[in-house]
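> show me how the following folds:
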Amino acid sequence: MKKINFQMMNYLIFSVLVLISAMSFLYVYFKHSEWQEALLILTSLSGCAFGGWLAFTMIFLPTFSSFKIFEIKGR
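Sure thing, here's the model as predicted:
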């Protein structure tokens, strides 16, 4: 029977969401560079999200018991 490693699955979902949001903010930044007020907010949010992801990775990733999403549970 397979057991789901929720720590690793949550980390992967969080990582994908942060990287997608950072890429979309950077796309808006380069596509619409005439929006000065909105760009400051978007780039600061992107930087905060990326910094939070990096801090989360450095602090919590070494504490995970396993880096596999599915673990085979013994009998």
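
> point out where this structure drops to low pLDDT.
Applying pLDDT under 70 to the chain picks out residues 1, 32-38, 65-67, 69-71, 73-75.

> which stretches of the chain form strands?
Using DSSP state E, the strands found in the chain span residues 2-4, 70-72.

> mind listing what's buried in stretch 42-53?
42, 46, 49, 53 (16 or more other Cβ atoms under 10 Å). Placement of C-beta: from N, CA and C, glycine included.

> dump the residues you listed into CSV; add distance to Tyr11 as well.
Converted to CSV, the buried residues of stretch 42-53 look like this (distance: Cβ to Cβ, whole Å):
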residue, distance to Tyr11
Leu42, 25
Ser46, 20
Ala49, 15
Trp53, 10
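
> could you identify the most distant pair in those?
Leu42 and Trp53 (16.5 Å; Cβ to Cβ).

> quick check: closest non-adjacent residue to the residue nearest to the spatial centre of the chain.
Geometric centre of the chain, nearest residue: Ser15, 2.3 Å, by Cα atoms, centre = their mean. Nearest residue to Ser15, sequence neighbours excluded (Cβ to Cβ, 6 or more residues apart in numbering): Trp53, at 6.3 Å.

> so who does that neighbour touch?
Listed by Cβ atoms under 8 Å, 6 or more residues apart in numbering, the contact set of Trp53 reads 14-15, 18-19.

> swap in 7 Å and give it another go.
Contact partners of Trp53, counting by Cβ atoms under 7 Å, 6 or more residues apart in numbering, are 14-15, 18.

> before we move on, the earlier item: mind checking how far the residue nearest to the centre of the chain is from Phe30?
Separation of Ser15 from Phe30 (Cβ to Cβ, to the nearest Å): 23 Å.
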